[in-house]
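Student: need the 3D shape of this:
(2 chains)
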Amino acid sequence: MATIRIAAPDTASRGEIIELKALIQHPMETGYRSGPDGKAIEQDIIKSFEVTYDGETVFEAELKPGIAANPILTFYTRATASGPIAFTWTGQNGETWSETHELTVE
Amino acid sequence: MTATGKTPLIIARRAFLLTGAAGLVAASLPLGAVADAADADAAIREIFGDKPLNEGRVTVDLPPIAENGNSVAITISAESPMTRKNHVTRMAIISPRNPVAEVALFKLGARAGKAEVSTRIRMAGTQRIRAVAEMSDGTLWHGSASTVVTLAACLIG
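Tutor: Residues are numbered from 1 along each chain as shown, chains lettered A, B, ... in the order given. So this is what the prediction gives:
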């Protein structure tokens, strides 16, 4: 299980623009490197990342091998209502990792 | 690239600098898969179509010098009021020198609040990284910034 770190405020006022940071532990193996035996190391990357909040997708990312290992993304959303913000990563072989963060809007 | 593969490339680069023998460098590039400016343009066209690319409104923040091309902090942002009617729909990071020119594509909505994304990217050498933003009215905007990479990704484990 990959380690996931989310940095997001627990509370926000309605209409406020909040910063969300999401990091996942993953090698993001490019497929362009070779191992000590000279053989190419197979590509293994996270392909997509999606964030839903209040029943709506608020941020999506398509990642390519050019993204560094342990991908971190910092982005913003407008606080509208209390509820879970769900973060989902999908790997190239269909594996998924998820995490949710509860936000209270006052 | 393994440690043993590193040496010939460096020698070839020096030879290139001394003699200007372009063929030498082309022959020694790993995998022959390094994209160039034309590939970057092609990648932008593939993502966003043939609409005109306007200069401005997009800012790319990169350090002027990166010691390690494996992880370079980048922030791309676009000027936009981010309202229901007028917001940024997509933003892309394009690298002219990486094996795959497209580094990332972000999809935003009116609720993003702010058209700004930060991440960390790999850079296969010194280059000018480009960013394109598509607005909800369909217009495309372009910005770029360059970084000198002293140790490129791909060459190191």
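Student: for A:A68, see how far away the residue nearest to A:A69 when sequence neighbours are not counted is.
Tutor: Nearest residue to A:A69 in three dimensions, chain neighbours excluded: A:M28, at 4.7 Å (Cβ to Cβ, 6 or more residues apart in numbering or on different chains). Glycine gets a C-beta too; all of them are placed from N, C-alpha and C. As judged by Cβ to Cβ, to the nearest Å, A:M28 and A:A68 stand 7 Å apart.
Student: what of A:S34?
Tutor: Counting by Cβ to Cβ, the gap from A:S34 to A:A68 is 19 Å.
Student: same question for B:S118.
Tutor: Noted for B:S118: a distance of 12 Å to A:A68, by Cβ to Cβ.
Student: what strand or helix carries the residue with the largest distance to the centre of chain A?
Tutor: Of all residues in chain A, A:D37 has its C-alpha farthest from the mean position, at 32.7 Å, by Cα atoms, centre = their mean. Following DSSP states H and E, there is no helix or strand that holds A:D37.
Student: get me the contact residues on chain A for chain B.
Tutor: By the rule Cβ under 8 Å from any Cβ of the partner chain, the part of chain A lying against chain B is A:17-18, A:30, A:32-36, A:38, A:53, A:56-69, A:71-78, A:80.
Student: find the centremost residue of chain B, please.
Tutor: In chain B, the residue lying closest to the centroid (Cα atoms, centre = their mean) is B:S95, at 2.1 Å.
Student: sorry, back to before: which one of B:S118 and A:A68 has more residues nearby?
Tutor: Neighbours per residue, other Cβ atoms under 10 Å in any protein chain shown: of B:S118 and A:A68, the larger number sits with A:A68, 22 against 16.
Student: pretty sure the more buried one sits against A:H26.
Tutor: No. If you go by Cβ atoms under 8 Å, A:A68 and A:H26 don't touch, sitting 10.2 Å apart.
Student: read off the pLDDT value for B:N54.
Tutor: B:N54 is assigned 92 on the pLDDT scale.
Student: for the chain, give me the ranges with low pLDDT.
Tutor: Let's take chain A. Where chain A drops to pLDDT under 70, the residues are A:1.
Student: the chain in question should be chain B.
Tutor: Applying pLDDT under 70 to chain B flags residues B:1-35, B:154-157.
Student: if we use 50, what do you get?
Tutor: B:1-7, B:9, B:11, B:14-33, B:157 (pLDDT under 50).
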